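1. any chance you could fold what I've pasted below:
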Amino acid sequence: MRVVLSTYGSRGDVEPLAGLAARLRERGAEVRVCAPPDEDFARRLADAGVPLLPVGPSARALTSAAPAPSSLPRRAAELIAGQLETVTAAAEGCDVLVATGALPAAAGALSVAEKLGIRSVSVTFQQLTLPAPHRRPLNYPGRPLPPEVTDSRLLWDLDARSTDALFGEALNTNRASLGLPPVEHVRDYVIGDRPWLATDPVLDPWHETPGLDVVQTGAWILPDTRPLPAGLTAFLDAGAPPVYVGFGSMPMHASPDVAEVAVEAVRAQGRRVVVARGWADLSLADDPADCFVVGEVNQQALFGRVAAVVHHGGAGTTTTAARAGAPQVVVPQVADQPYWAGRVAELGIGVAHDGPAPTYDSLSAALRTVLSPGVRARAAAMAGRVRTDGASVAARLLLDAIGREGRYVSA
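-> Numbering: from 1, shown residues only. This next block holds a predicted model:
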């Protein structure tokens, strides 16, 4: 069995594919992963035993550059063209293609599967892109939804039109080069009739929605067996559990002094700090004894040894912290991150920070709450409720479907 996994996006779009790839390989499948050419992505996929087939520009470079919203259609055309070139070569002779990541990239990958006549599965790592009557769609950069419109059906119609305006020409021009007919609605083409939702059902419960036959597998997690760096282990052993501060793939343009603000707010609670550099390249002005700065690190191991996790609200970081039983302060920046912040607050396992730029006062107040006994107890209880078998469920469903006609069976 041969499977190709395709994505374009940040660490949160690549890490789950590493988890699925590992489980597929355990079942004897040959796996190929098409993803951005960033070194940390290649290293993580290597941990899963699969090579990275690079597609498109560096995701980190693109994110850090903060391109203007007006360039989105052009960048979409480039992403789709890159998918057609790389994924077509990777998918030759494969049995099934899994597409996720940025919408235009997923549309390109699905077009490749259509051209080659192989099965495909569309996957999302957060449910906000799936039309549902109980919530608003996400805003695209530079194309805000009208605040005066409250009818969710109208808003989802506007979302479909906006998606077509941004990506329709780029997709259909590239499809024509493959000899494929044009797509009428890009969003609906990508979602398909039976999308997969690779999130934890406790953290991210899916509510049945007419017209959408969603398969929720659980989050796709690659167990991380890497040891923590010796210096970090010594720091952790030298005192009470510190507070972790890190914002993953976010450049933190709205809060360039966030490291200094966070350190002072954590100190005010009598705690030490672990600062993760991330794509914002966070650093400290000096080298204080109560702080430790890390680069790429095993979060699964680290989060089990901290008093709280201050982060941006990516799906992967939220799930990892919840699995570790660590209270969370979520400082959302973009896209689905306010949703995850809200879920953390609703579950009582942390605080949703108001806005993307924390101050000493706002972060101090949030930390006082999450370091309280009640939040710590609820976070610890949550650790035992988060599923750990999502990638195994997805691998079983995927391989069971290969070579069999009909629908995918439910997770």
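
2. residue ranges with poor pLDDT in the chain?
-> The chain contains residues with pLDDT under 70 at 403-411.

3. remind me, longest helix of the protein?
-> Taking DSSP state H as the criterion, the chain has its longest helix at helix 152-177.

4. how about residues contacting the next helix or strand after that one?
-> Per DSSP states H and E, the first helix or strand lying C-terminal to helix 152-177 is helix 186-191. If you take CB atoms under 8 Å, 6 or more residues apart in numbering as the criterion, helix 186-191 is touched by 99, 103-104, 106-107, 110, 122, 129-131, 159-160, 163-164, 167-168, 171, 183, 212. In short, each C-beta sits where N, CA and C put it, glycine included.

5. switch to 6 Å and redo it
-> L103, A106, A107, S122, A160, T163, D164, F167, G168, L171, V183 (CB atoms under 6 Å, 6 or more residues apart in numbering).

6. buried set for it?
-> For helix 186-191, the buried set under the neighbour-count rule, 16 or more other CB atoms under 10 Å, comprises V186, R187, Y189, V190, I191.

7. I'd like the contacts of helix 186-191 as JSON lines, with neighbour count appended.
-> Formatted as JSON lines, those follow (neighbours: other CB atoms under 10 Å):
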{"residue": "L103", "neighbour count": "23"}
{"residue": "A106", "neighbour count": "30"}
{"residue": "A107", "neighbour count": "28"}
{"residue": "S122", "neighbour count": "22"}
{"residue": "A160", "neighbour count": "17"}
{"residue": "T163", "neighbour count": "24"}
{"residue": "D164", "neighbour count": "18"}
{"residue": "F167", "neighbour count": "27"}
{"residue": "G168", "neighbour count": "22"}
{"residue": "L171", "neighbour count": "27"}
{"residue": "V183", "neighbour count": "20"}
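
8. on that earlier part again, so for the longest helix of the chain, what gets flagged as buried?
-> 152, 155-156, 158-160, 162-164, 166-168, 170-172, 174-175.

9. and for stretch 64-84?
-> Residues L72, P73, R75, A76, A77, L79, I80, A81, G82, Q83, L84 are the ones in stretch 64-84 that count as buried (16+ other CB under 10 Å).

10. try stretch 361-379
-> S362, L363, S364, A366, L367, T369, V370, L371, V375, R376, A379.

11. show me what the longest helix of the chain is packed against.
-> helix 72-91, helix 103-116, helix 186-191 (3 or more CB pairs under 6 Å, 6 or more residues apart in numbering; DSSP states H and E).

12. how far away from the center of its chain is that helix?
-> Chain-centre distance of helix 152-177: 22 Å, with CA atoms, centre = their mean, to the nearest Å.

13. same question for stretch 227-239.
-> 28 Å.

14. which residues are contacting it?
-> By CB under 6 Å, 6+ apart, stretch 227-239 touches R272, F292, V294, A301, R305.

15. repeat that with 10 Å
-> Applying CB atoms under 10 Å, 6 or more residues apart in numbering, the contact partners of stretch 227-239 are 242, 271-272, 274, 289-298, 301-302, 305-306.

16. check the gap between the residue nearest to T88 when sequence neighbours are not counted and H185 for me.
-> Of all residues not flanking T88 in the chain, V112 sits nearest, at 5.0 Å (CB to CB, 6 or more residues apart in numbering). From V112 across to H185, the span is 19 Å (CB to CB, to the nearest Å).

17. neighbour count for the two, which is higher?
-> V112 (29 against 13; other CB atoms under 10 Å).

18. for the more buried one, what are its contacts?
-> With CB under 10 Å, 6+ apart, V112 has these contacts: 4, 6, 34, 83-92, 94, 97, 99, 118, 120, 174, 178, 180.

19. break the chain down into its domains, please.
-> Domain ranges of the chain: 2-221+388-401, 230-383, per automatic domain parsing.

20. distance between the last one and the chain's centre?
-> Offset of domain 230-383 from its chain centre (CA atoms, centre = their mean): 17 Å.

21. quick one, strands of this structure?
-> 2-6, 30-35, 52-54, 96-99, 119-124, 196-197, 215-216, 243-245, 273-276, 291-294, 308-311, 328-330, 350-352 (DSSP state E).

22. output the fifth one as CSV, nothing but the C-alphas.
-> Meaning strand 119-124. In CSV, the C-alpha atoms belonging to strand 119-124 read as follows (Å, rounded to 0.1, in the frame of the first residue of the first chain):
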residue,chain,number,x,y,z
ARG,A,119,-8.8,8.0,-3.8
SER,A,120,-8.5,11.1,-1.7
VAL,A,121,-9.4,12.3,1.8
SER,A,122,-9.7,15.9,2.8
VAL,A,123,-8.6,16.6,6.4
THR,A,124,-8.8,19.6,8.7
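
23. tell me how far that strand lies from the chain's centre.
-> Counting by CA atoms, centre = their mean, strand 119-124 comes out at 16 Å from the chain centroid.

24. what pairs with that strand, parallel or antiparallel?
-> strand 96-99 (parallel), strand 196-197 (parallel) (DSSP bridges).

25. with mean neighbour count and distance to L62 as extra columns, can I get these in a markdown table?
-> Shown next, in a markdown table, are the strands paired with strand 119-124 (neighbours: other CB atoms under 10 Å; distance: least, CB to CB, whole Å):
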| stretch | mean neighbour count | distance to L62 |
| --- | --- | --- |
| strand 96-99 | 25 | 19 |
| strand 196-197 | 24 | 26 |
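
26. ok, which of the ones you listed comes nearest R385?
-> strand 196-197 (17.6 Å; CB to CB).

27. who's in contact with P327?
-> So P327 contacts 243, 306-310, 321, 344, 348-351, 366-367, 369-372, 374-380, 382 (CB under 10 Å, 6+ apart).

28. and the closest residue to S111 other than its chain neighbours, how far from L236?
-> Spatial nearest neighbour of S111, excluding adjacent residues (CB to CB, 6+ apart): R175 at 5.3 Å. Distance, R175 to L236, by CB to CB: 52 Å.

29. repeat for P288
-> 16 Å.

30. these two: which has the busier surroundings?
-> Neighbours of P288 and L236, each counted by other CB under 10 Å, are more numerous for L236; the result is 19 against 12.

31. what sits against L24?
-> 1-3, 5, 17, 30-31, 48-50, 98, 391-392, 394-396, 398-399.
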